[in-house]
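**Student:** no sequence on hand, only this structure:
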């Protein structure tokens, strides 16, 4: 009579699963957030342009056109500076990552007041407001991507 038993090839006691971190290192999270924010905001700019928005903000009687370079700079610089500072402070106290998520997201949402009070046409106001909201989401997401690393 033949036996259909499978020989035990593993250990008798199951091993603990390896502790893999699913988050990104600080620089990968920062690059991902900055590129993501810039790409989404450039898409918003393109859609606004196709929809016929003037993409001009008047400040003190002076016209300021919204350009591709301006959108990239306004998307990348605040995110890199703010989240970069939070990541540095988190080396000292990791709780700063959570605090920075709330503060950064909140500040970006509060900054929507700028476009809303700019006096530009509706399409431009909508596009700029969405860009500010996108930056807030990018800050929160960027820090979350890194928090998973710890």
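**Tutor:** Looks like it arrived, so ask away. Owing to the predicted nature of the structure, the values given are computational and were not obtained by experimental measurement.

**Student:** pLDDT on the helix or strand containing residue 35, on average?
**Tutor:** Residue 35 is part of helix 26-50, with elements assigned from DSSP states H and E. Averaged across helix 26-50, pLDDT comes to 96.

**Student:** buried residues in that helix?
**Tutor:** Of all the residues in helix 26-50, those buried under the rule 16 or more other C-beta atoms under 10 Å are 26, 29-30, 32-34, 36-38, 40-41, 44-45, 48. C-beta here means a position set from N, CA and C on the backbone, and glycine is covered the same way.

**Student:** make JSON lines from these and add distance to residue 57 to it.
**Tutor:** JSON lines is the format used below for those (distance: C-beta to C-beta, whole Å):
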{"residue": "26", "distance to residue 57": "34"}
{"residue": "29", "distance to residue 57": "31"}
{"residue": "30", "distance to residue 57": "28"}
{"residue": "32", "distance to residue 57": "29"}
{"residue": "33", "distance to residue 57": "25"}
{"residue": "34", "distance to residue 57": "23"}
{"residue": "36", "distance to residue 57": "24"}
{"residue": "37", "distance to residue 57": "20"}
{"residue": "38", "distance to residue 57": "19"}
{"residue": "40", "distance to residue 57": "20"}
{"residue": "41", "distance to residue 57": "15"}
{"residue": "44", "distance to residue 57": "15"}
{"residue": "45", "distance to residue 57": "13"}
{"residue": "48", "distance to residue 57": "12"}
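
**Student:** report the secondary structure state of residue 64.
**Tutor:** strand (DSSP: H, G, I helix; E, B strand; the rest coil).

**Student:** who's in contact with the residue nearest to residue 52 when sequence neighbours are not counted?
**Tutor:** Spatially, and ignoring its direct neighbours in sequence, residue 52 is nearest to residue 123 (6.3 Å; C-beta to C-beta, 6 or more residues apart in numbering). Counting by C-beta atoms under 8 Å, 6 or more residues apart in numbering, residue 123 touches 48, 51, 52, 53, 54, 55.

**Student:** just name the closest of the residues you listed to residue 109, please.
**Tutor:** Comparing those against residue 109 with C-beta to C-beta picks out residue 48 as the nearest, at 19.7 Å.
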